[in-house]
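Peer 1: Predicted model and sequence follow; I will ask about them next.
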Amino acid sequence: MKAARNGTKDSFEKTKLAMFRKVSFLQRKETGEGKDDAGYMDVSVSDLKHPPPQLSPMPEGLSSQQVVRRLILSSIVQSESSYLDSLKRILQEYQKPLLEPPNLILNHKKVRQIFYRMQEIHQCHSMFQIALASRVAEWDHSEKIGDLFVASFSKSMVLNAYSDYINNFTNAMALIKKACMSKPVFLDFLKKKQASSPDRITLYGLMVKPIQRFPQFILLLQDMLKNTPRSHTDRLPLQLALTELETLAEKLNEQKRLADQEAEIQQIAHSVGDRNLNKLLNSEQRQLSQCELLTEIVYGDKGQILKSKERKVFLLNDTLICANVNLKGPPDISSLVPLGPKYTVKWCAPLLQTQVVEVGQDSPQSLLNTWGRKIFLGPPRLYQELEELQHDLAVVKEVSLLVGTLNGTYQNLNSTVSQDWCLALQRLIRLKEEEIQSADKCRLRLSVPGRPDKSGHPVSIMVVFNTPSPLSKISWVNRLHLAKIAQRQENTLGWESAEEDGRKKGPFSCPLLTCRLPVFSSKTHTLKLEAALHSPSQYSLLGFCTVSTSLPQGYLWVAGGGGSSNHGQVEIFSLNRATPRLVKTVPLRAPVLCLEYVKEPCPSEEEREAEKTQTAAKIGNIICVGLQDGSIHVYSSVDTAVQCLLTLVNADSSPVLCLKYSLAFLFAGLANGKVAVYHRRTGGEISLLWDVDSCRLVSLGSQPVCTLLTLEEAVWASCANQVTVIQGSSLNTESFQAHSDPGNSVSHMVHSGAGVWMAFTWGSSIHLFHTETLEPLQEVKISTRTTHLTPGQVSVSSLLICQGLLWVGTSQGIILTFPVPTLEGIPKITGHVMSLNAHCGPVDFLMSISSTLASDLLRRDSVLNGSEEGNVGRDEGGQRLEHSSYPQDSQTPPPTEEKPKRLLLQYRLHSTCQLPGKVLTAQPEQGSPRAPHDSLEHSPEHSSIYEVNEDPDVWVRGRPRERVKEVEPRRSKVTSTAIFSGGRGYRRIAQLASVDPCSDSTENTLLVWQLPLTLSQ
């Protein structure tokens, strides 16, 4: 604009060109203000001149894949035609009548605000349809469509139009709602338009379609890619198209999420009377981490529910807000456009003073609620019942000891009967533990600060919420945990972004530094960090507690050696606590250079049948350790029990630099330029371990094999500047040159989608290669991405790809992350952020660990929640268990006259008539002889000790009837992920100054970053 004001012809041409390109300096800071959009040309598309795309009749002789590709193309054409018709309806049936001069239904400025950028979106897809028609017409000759999506949707004009539309969507819906309530003529207009439309779709249903458009495109292109052969010319363009659409969809989804959260905060701010809270809500630093509609529960003194009410709970940066919800509104308006709720703040609490209270962490003593009454919460009552059962078991054990001292032999009172009592009580305890866990799956209990008492002492209030699902409860606990970590000094300014648009980033968009761990802190010698791996373990009791949302469960192995010593060492850290703790140290005779975790393979049906006849114990998951002396130690992976099962040695005793497991083979990259390949055993005492005599060597060159990468059924191996692809069991090889300089070796390789990123021993460049054509696709120079790196003196020392982020560790200790696509597309780099937490020396390794919560724990029901007879569980030995009507933690108050439940302690012993001795009973002896065992006549001993005057309410049995196994639906998985970086010391990088001084530049340190929980199928 400044150039235009200068008045020169050159300046005017620059300005006009910028308008057509829609460059960033012409973008308006405020959207939806009704100003005309001069950056776009009004293009009218004639249906006569440009008819819609239409596929020709299917020719004969097509392969099955070609037929499927034509059907997918037809779906794309129909989907796009339907979408374009919806856009036309919005413009012609709604916007155009409202803007006509005789019409004064609504102010024209508000009309433009409601339909902001709709015209530009329609123009983008009109041009796309013209190109699509041309491509469809020549489909039988070219069968290519991926490049069309790249050309149409990689333009900044598309991103800008959709971004402005999505950012304005919430405001547009609010304007429609307000106009419906204040202008009945506008409400009648919308009703008539909906009634006259053939599909009866509302204006809201039409306007939400642009938000859903790109996810639909992605699904269609994924199907097209699955049915495209690797040799097809359209395969790489389809992968590039997936990359463009995924990147575009991610940006739009993030903007939509931020816009929705901004609207939620504004709704709260309008209902807040507290000036300080209002100031917090309107500050630029505040962010909304999570909000959800929960049910607040108040329990009575017997565990019954006194009342329940829906609340909206908001988690901000440093504040937790609970609000009442008012969803009332005119029904005729709510049917046309969603009505946003009105909130009334009930209470707010500082985040750092809010604690999550799990079952068993509090005593069953009385707690004060907001009204001063004493209440008992439901789960603590169950916890008290568990203690009572444990007490009864101890008493019965003592009784069992006394029964064993009886001089007489009694059929219904002996050690067999008393042991059956103990077994029944033990099962009751297991069922009660599961009932406690089930009751806690959807119950979020928070301890929040209340008003001080009369003496000025602080008072904590227990607030209980029922979440819609176990996933919701897990998410809340995790978000509360991460929000507290985000308040720490090292995370308030944890990352430096290079984005120039100044957009606000969402909470937890960058990993949070959780803790720092010293490693190999021996005073006698110094070891060098070499490698680390995660040995996962699953504990159901930790499934829903606070610890499970801190770090992934399992054990962390950290290995090293060399330095001032000629031996190696492995340190094992337990991750089953809030902070990792060193639990074991394993010394080795040589420095450790690499580690590899190998999962136990799933056996086939034939192998399962063979295992039934074998007596050898299963090995399970194993860990392979490569040493500098050329040996490979194979250890069992069972918690902290470290047992060396096997030692492999290569013929040349060459140091083992890297290890990778693929299919049934173990690949070892050696320092002499060879790859040693070991095959698994299939039988014997050490079943499923590697065969020492099966070693085969694949020679790649004279330089060391620095890194290996498993990719489907092949292994990529680097030697000098060459990368060799080794195919499965045949060991056929194919090589290509990764760098033009023979002296610059490939040091690291990571894989994502259809690409492999590579780093080299010197230089700050990383290169992207296509996994199918082996062609280079992108080169990025790290040193130019930030001013904190010294050009010419920095190299890449480690690489990692995890959850859509490419982590790059440098020789100067600085870590950068680059967002990359996660689907089947090309993982090209679009931007980056730099961590302000760094090491003092090179980043020796980057490693990701993850732990998936068992899907069974996410079931809302449990063994105890079924009311039908025959609900089945399993005991510790795998035996199926049955119970009929075990008492539940009911959420309805029981009748006061109800008699207490009685339990019949019976586990495996159904009758004592087979036991020796006489019947101990108060009934007079029968004159008739005892009926034989096989007689159908009922005799007193059939009931024996289990004889009762009334039938018991609950039978505790151990042998159920078999029940048909039902097919379980797919359940969601919750995954916790953390990133570990290893290097010397720790330092903070100041944004203004150069760097902060190092804490200890000689001490090996692990930096631990945590990512939010992810949900997947």
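Peer 2: The structure has been received and is ready for your questions.
Peer 1: For stretch 345-360, list every residue counted as buried.
Peer 2: Neighbour-count burial for stretch 345-360, with 16 or more other Cβ atoms under 10 Å as criterion, is recorded at 345-346, 348-349, 351, 354-359. Glycine gets a C-beta too; all of them are placed from N, C-alpha and C.
Peer 1: How about exporting that stretch as PDB, limited to the C-alpha atoms?
Peer 2: Taking Å, rounded to 0.1, in the frame of the first residue of the first chain, the C-alpha atoms of stretch 345-360 are listed here in PDB:
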ATOM      1  CA  VAL A 345     -19.200 -18.900  37.200                       C
ATOM      2  CA  LYS A 346     -19.700 -21.100  40.300                       C
ATOM      3  CA  TRP A 347     -16.100 -21.200  41.500                       C
ATOM      4  CA  CYS A 348     -12.600 -20.800  40.300                       C
ATOM      5  CA  ALA A 349      -9.400 -22.200  41.800                       C
ATOM      6  CA  PRO A 350      -5.700 -21.600  41.200                       C
ATOM      7  CA  LEU A 351      -4.300 -24.500  39.200                       C
ATOM      8  CA  LEU A 352      -1.200 -25.100  41.400                       C
ATOM      9  CA  GLN A 353      -3.500 -25.500  44.400                       C
ATOM     10  CA  THR A 354      -5.800 -28.100  42.700                       C
ATOM     11  CA  GLN A 355      -5.000 -31.700  43.200                       C
ATOM     12  CA  VAL A 356      -6.400 -34.900  41.700                       C
ATOM     13  CA  VAL A 357      -7.400 -37.400  44.400                       C
ATOM     14  CA  GLU A 358      -7.400 -41.000  43.400                       C
ATOM     15  CA  VAL A 359      -9.100 -43.900  45.100                       C
ATOM     16  CA  GLY A 360      -7.000 -45.000  48.200                       C
END
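Peer 1: now it, how far from the chain's geometric center?
Peer 2: Distance, stretch centre to chain centre, for stretch 345-360: 24 Å (Cα atoms, centre = their mean, to the nearest Å).
Peer 1: and what of stretch 161-170?
Peer 2: Averaging C-alpha positions (Cα atoms, centre = their mean) puts stretch 161-170 28 Å from its chain's average.
Peer 1: Show me what that stretch is in contact with.
Peer 2: By Cβ atoms under 8 Å, 6 or more residues apart in numbering, the surrounding residues in contact with stretch 161-170 are 31-32, 40, 113, 116-118, 120-121, 124, 207-208, 210-211, 248, 251-252, 255-256, 259-260, 262-263.
Peer 1: Please check these and keep the buried ones.
Peer 2: By neighbour count, with 16+ other Cβ under 10 Å, the contacts of stretch 161-170 hold 31-32, 40, 113, 116-118, 120-121, 124, 207, 210, 248, 251-252, 255-256, 259, 262-263 as buried.
Peer 1: Filter the residues you listed down to just the ones in strands.
Peer 2: In strands, defined here by DSSP state E, there are no members of these.
Peer 1: So for stretch 647-664, what gets flagged as buried?
Peer 2: Neighbour-count burial for stretch 647-664, counted by 16+ other Cβ under 10 Å, picks out 648, 650, 654-662.
Peer 1: which one of those residues sits closest to I436?
Peer 2: The shortest approach to I436 among these belongs to Y661, at 39.9 Å (Cβ to Cβ).
Peer 1: continuing past the strand or helix carrying the closest one, what's the next helix or strand?
Peer 2: In the assignment (DSSP states H and E), Y661 maps to strand 656-662. Sequence order places strand 665-670 as the next helix or strand after strand 656-662, per DSSP H and E.
Peer 1: count of residues packed around the nearest residue to Q216 once chain neighbours are set aside?
Peer 2: Of all residues not flanking Q216 in the chain, S79 sits nearest, at 6.2 Å (Cβ to Cβ, 6 or more residues apart in numbering). Using other Cβ atoms under 10 Å, S79 has 15 neighbouring residues.
Peer 1: what's the answer for the one 4 residues further on, then?
Peer 2: By other Cβ under 10 Å, the residues close to Y83 number 20.
Peer 1: pLDDT at it, what is it?
Peer 2: With respect to pLDDT, Y83 scores 95.
Peer 1: Please list all residues in contact with it.
Peer 2: Neighbour list for Y83: 125, 209, 213 [criterion: Cβ under 8 Å, 6+ apart].
Peer 1: Kindly confirm my reading that it forms part of a helix.
Peer 2: Yes. Applying DSSP: H, G, I helix; E, B strand; the rest coil, one finds Y83 inside a helix.
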